[in-house]
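Student: Provided below for reference: sequence and predicted model.
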Amino acid sequence: MLSFSYLINDGLLHLATALRYASAILPGLALALKTSAPRRRRGVPGGITYLFKALDSYPSFALIIDSDYAIRFMNRKLRERFGNRAGEKCYRAFIGRERPCAICAMRAILHEGKECFTYFPHDRDGFCYEASAVPLTMPDGSKVIIEILSDITKKKKAEKDVQELTENLEHLVLERTAELRQSEERYRNLLESASDAIITIDPAKDRILTANQMAAVITGYSIKELLAMKYSCLYLPGGFERIARSLRKASRGSGGPVTVEMLRKDGTEVPIDISATTIASAGKKIILAIFRDISQRLMLDKRIRELASVVETMHPSVIITDLNQRIIYVNPAAEKMLGYRKDEMTGRLAKEIFEGISGNPADLGSSVREEAQNGYWEGEIFNRKRSGEIIPVFLRMCRITNEEGELIGYAGISEDISRRKQMEEELIQREKLSALGEFTSVIAHEINNPLTGVLGYAEILQHAECPKELKEDVQRLYKEAVRCQCLVKNLLTFARKSAPHKEFSDINDIIEKSIDLKGSQLKADQIEVVIHLDKSIPASIMDPHQIIDNAHHALREWRGIRRITVTSVLKDGVIEVSFSDNGPAIPAEIMDKIFLPFFTTKKFGQGTGLGLSIAHGIVKEHGGEIRVQSDEGKETTFTVVLPFRGP
């Protein structure tokens, strides 16, 4: 406002002075021109020269225009702005028009006979002028006009700015007045409809000055009763002092929130959260207090803590996402199952972790969310751990809604079912083996009956008198029949139809006797046997014949040095017997199949595929297990682990 006032006052004073000077000098200059003509003829400087000199020194713009709108003269100040445009049409030189201006003084003075005319032209650059013009007769008798122009662009702008400012101020005052009325109305409505209690207190007198309806609802007092009582009476002993201490400690006079117990009119206690602020009004300090009943919140907080404790200690994984599929919660079980830390998962999009997993449908995420929107989805899928390992999980996906029933997110509860799937596969395999055992038992018995007859007659024929060629055939027949009998015995052993006879024996003695039984055949196949036995091992039960036999078969096809190493040791309460051979390694792709019955890599007629299966069954019956380690370029080792049971 100061800059506007200064501009207006200074501009108006300057323009008024210039106009008074111009209106005073123009008639005098015209008269001087008329009376000085004779002097010019006597050699004295004429009136025109005097006039030109006077106008040249004039501080405002001045020019002379003839009746054809041609410029006869421009004073120095005007030439400085526009250059010397003498001889040009004034409307073209100053305004850039091709025709005279409608408000030109030429018409008013030369055609209407006015002695003086004032108008307000604009030049081509947009400057505004106050122009005063008077007629003048030149010495040659021609009619011209003299114009004095004052630049009033700033004045006009100032006037316009003042007018706009005045209008804006008036409009602003009207708006502010209306806003104040609306604000007052809104404040009253807000105060009465607020869900929090709002009161003002005079701390010096311990009096309640104002209170809204919610304050009456929470305290049980009417507003009239509240305004007539002491503020400190609303709290249990010490409550008001806590609020006062909070105000004293808080910066800028604002304190809270503070949780205190309020005493209702009926004598019951209610927990509240209160925030207090010190404000100045009419030269004194007033406290504005806002408080709310938090009984329901405390109860909900307790329930939430209980639920959170349950979720945190749940064995299944719990992951919660918002509507944008961004993870917002992960329980410890999810961290353990997936191998991620909580901070590595929260904030990330679920698809970054759970989509694109081999074994899952490509549209799994969208289909699960679509079905979960209807309430619930469950099914078996695959998850990917942080290490990249793929694990099967059973997922239950449900929607999360707020109190209004609006969908706000999804909760996924999943369990690692790797062990369950393994047990299911083992159960299926066991059922298959059981069915196969029953079938094998029937077949073995059916074969055994005629085989017994074949063996009997073959043995009789061996002792009968017959040609040598026939006797050799009978011996070959008897030998193959015995081989079939061993096969049937193995089948019956696999079918578990014969009860195992368990007794405490020296395991080292069993190993040595088993090797002795194979000794001649091992020697014939040029296989070296290295034995490292722990003589301190107590008695136990074991039949390692099949294991040695399997190592023997593996080395038959091996070119080079053939060696089997047998080791026994007692440690940590278990007996470990290891059988190692330097033959070819077991391919990784069949490692999980070697104990399956009838699985073999030998050529047809060289093995039944029952050796390791029977050995595995025998060890399992004794409460033990068989471990296998086979790497390319290293020995293949079968380790039989049996629990130690003393006599």
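Tutor: Yep, that arrived. Just so it is clear, the model here is predicted, and its values are computed rather than measured.

Student: Just the buried positions in the helix or strand containing Ile511, please.
Tutor: Assigned by DSSP states H and E, Ile511 belongs to helix 507-524. Within helix 507-524, the residues scored as buried using 16 or more other Cβ atoms under 10 Å are Ile507, Asn508, Ile510, Ile511, Ser514, Ile515, Lys518, Leu522. Every C-beta, even on glycine, is put in place using the N, C-alpha and C of the backbone.

Student: try stretch 298-313
Tutor: In terms of neighbour count (16+ other Cβ under 10 Å), stretch 298-313 has its buried residues at Val311.

Student: again with stretch 99-117
Tutor: By neighbour count with 16+ other Cβ under 10 Å, stretch 99-117 contains the buried residues Pro100, Cys101, Cys104, Ala105, Met106, Ala108, Ile109, Phe117.

Student: I'd like the list of these that fall within helices, please.
Tutor: Among the buried residues of stretch 99-117, DSSP state H puts Ala105, Met106 in helices.

Student: what about the closest residue to Phe382 other than its chain neighbours, neighbour count?
Tutor: Once flanking residues are discounted, Phe382 sits nearest to Gly359: 4.3 Å by Cβ to Cβ, 6 or more residues apart in numbering. Per other Cβ atoms under 10 Å, the neighbour tally for Gly359 reads 11.

Student: what's the answer for the one 3 residues further on, then?
Tutor: As a burial measure, Ala362 scores 9 neighbours (other Cβ under 10 Å).

Student: Wait, a strand at it?
Tutor: No: counting by DSSP: H, G, I helix; E, B strand; the rest coil, Ala362 is not found in a strand; it is coil.

Student: roughly how far apart are it and Glu355?
Tutor: Relative to Glu355, Ala362 is positioned 9 Å away (Cβ to Cβ, to the nearest Å).

Student: Quick one: neighbours of Ser630, just the number.
Tutor: When neighbours are counted by other Cβ under 10 Å, Ser630 registers 20.

Student: Would you confirm that it contacts Asp581?
Tutor: No: Ser630 is not in contact with Asp581 according to Cβ atoms under 8 Å; the separation is 9.7 Å.

Student: any shared contact partners between the two?
Tutor: Thr636 (Cβ atoms under 8 Å, 6 or more residues apart in numbering).

Student: How is the residue nearest the centre of the chain assigned, secondary-structure-wise?
Tutor: For the chain, the residue nearest the mean C-alpha position is Gly347 (3.7 Å; Cα atoms, centre = their mean). In three-state terms, and counting by three-state DSSP, Gly347 is coil.

Student: pretty sure it contacts Gln325?
Tutor: No: counting by Cβ under 8 Å, Gly347 stays clear of Gln325, with 11.9 Å between them.

Student: ok, back up a step: if you count contacts, what does the helix holding Ile511 end up packed against?
Tutor: Using 3 or more Cβ pairs under 8 Å, 6 or more residues apart in numbering; DSSP states H and E, the elements in contact with helix 507-524 are strand 527-532, helix 545-556, strand 562-571, strand 574-581.

Student: one more time with 7 Å
Tutor: helix 545-556, strand 562-571, strand 574-581 (3 or more Cβ pairs under 7 Å, 6 or more residues apart in numbering; DSSP states H and E).
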